[in-house]
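[1] I would like to see how this sequence folds:
(4 chains)
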2 protein chains.
Amino acid sequence: MTKYELEILNIILNSCEHLSADEVYELLKKKYPGVVKATCYNNLNKLTDEGLIRRIVLDNNSCRYDRTMRHDHLVCIKCEKIKDVYLKDMTSSLKKELGVEVESYDLKINWLCPDCIGQYNLNNSLGRK
Amino acid sequence: MTKYELEILNIILNSCEHLSADEVYELLKKKYPGVVKATCYNNLNKLTDEGLIRRIVLDNNSCRYDRTMRHDHLVCIKCEKIKDVYLKDMTSSLKKELGVEVESYDLKINWLCPDCIGQYNLNNSLGRK
DNA sequence: CCTCTTTTTAGAATGATTCTAAATTTATTA
DNA sequence: TAATAAATTTAGAATCATTCTAAAAAGAGG
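    Next up is the predicted model:
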């Protein structure tokens, strides 16, 4: 594991946010000012392939990086901020309901976060789409 | 609703596949050869906003379009093909478990489809990541 | 028919990510 | 330790899906 790969892993494991590739790159530059963006992408891909970090793809086609320990995500329909939630693992119940092998799953729950909830008419935006 | 919007809606409702924007565009051109790609994108966005179709964002940052009736997706970890599955709606159980309002959710289940399952060593690829 | 609004067009712009080929670093093994 | 091989990084160009822009066209209502 190279110094860049290690530092990127640390950045992600120690972050409370869900960072974009660009945000990871900015943090990486604080320690290694000369580093190049492609290196950041290379290592984000490598770490993802190795299963050490996890890529979350948002509806607007942008990615965030996260720890791998199994958990689910609340995504705010307004500000798009992500919050981790630790719901019980559904793998085996999905297997049972589907009758097939399940490798993993990805559950994104759309909500209005507390910061945004005041800014919406709840009846219109939550009651029905 | 314009002829383009209507035709795009028909293309998606009548397709058994989960089409990409480009595939929708190719099909649209069969009926309206002069139409331009931006029109296709405009209308895909409009239809999505109107809730008449649904956008699925894959891990590789590409989109597919689908009917809106609530259902979940099996995504093959090898060929990335999508299959619809109609699992029971979890909205209310999620609300209960989380203790917050839930607008909707998006569940993607990763598996190896029957076409790809022969090409993998199941112990390695399914047992653990 | 006139005015206002919406949609379409053409093509440029954007922006995230990937690619390429050369340079550098790290690891291997003679 | 020197030589060779493999992996990583670099710089910047390329890609590709999508969005933007401003002008033209189409549609709707009075």
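[2] Contacts made by stretch A:97-110 with the rest, please.
    By Cβ atoms under 8 Å, 6 or more residues apart in numbering or on different chains, the residues outside stretch A:97-110 that reach it are A:56, A:72-77, A:85, A:87, A:90-91, A:94-95, B:74, B:77, B:85, B:87-88, B:94, B:98, B:102-112, B:122, B:125-126, B:129. Heads up, the C-betas are built off the backbone N, CA and C, glycines and all.
[3] Out of those, which sit inside strands?
    A:56, A:72-76, A:85, B:74, B:85, B:104-111 (DSSP state E).
[4] Which residues of chain A lie near DNA strand C?
    Proximity of chain A to DNA strand C (Cβ under 7 Å from any atom of the strand) is limited to residues A:2, A:3, A:20, A:21, A:22, A:37, A:38, A:41, A:45, A:62, A:63.
[5] Try it again at 10 Å.
    A:1-4, A:20-25, A:36-42, A:44-45, A:48, A:55, A:57-58, A:60-65 (Cβ under 10 Å from any atom of the strand).
[6] What residues does the most centrally placed residue in chain A make contact with?
    Against the mean C-alpha coordinate of chain A, by Cα atoms, centre = their mean, the closest residue is residue A:56 at 3.8 Å. Residue A:56 sits next to A:18, A:63, A:64, A:65, A:66, A:73, A:82, A:108 when contact means Cβ under 8 Å, 6+ apart.
[7] re earlier: any quick ChimeraX command for the buried ones out of the contacts of stretch A:97-110?
    Of those, the buried ones can be selected in ChimeraX as follows, counting by 16 or more other Cβ atoms under 10 Å in any protein chain shown:
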select /A:56,72,73,74,75,76,77,85,87,90,94 /B:74,77,87,94,102,103,105,106,107,108,109,110,111,112,125,126
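[8] does any part of the helix or strand hosting residue A:45 sit near DNA strand D?
    In this assignment (DSSP states H and E), residue A:45 forms part of helix A:37-49. Yes - using Cβ under 10 Å from any atom of the strand, we find that helix A:37-49 touches DNA strand D at A:37, A:38, A:39, A:40, A:41, A:42, A:43, A:46.
[9] So for the residue nearest to the centre of chain A, what pLDDT did the model give?
    According to the prediction, residue A:56 has pLDDT 92.
[10] same check, this time on residue A:5
    96.
[11] swap in the one 3 residues further on?
    The per-residue pLDDT reported for residue A:8 equals 97.
[12] excluding its backbone neighbours, what's nearest it?
    Nearest residue to residue A:8, sequence neighbours excluded (Cβ to Cβ, 6 or more residues apart in numbering or on different chains): residue A:43, at 4.9 Å.
[13] Give me the distance between that neighbour and residue A:19.
    According to Cβ to Cβ, to the nearest Å, residue A:43 stands 13 Å off from residue A:19.
[14] same check, this time on residue A:3
    Residue A:3 is 19 Å from residue A:19, by Cβ to Cβ.
[15] And for residue A:48?
    Remark: distance between residue A:48 and residue A:19 (Cβ to Cβ) = 13 Å.
[16] More neighbours: which of those two?
    residue A:19 (20 against 16; other Cβ atoms under 10 Å in any protein chain shown).
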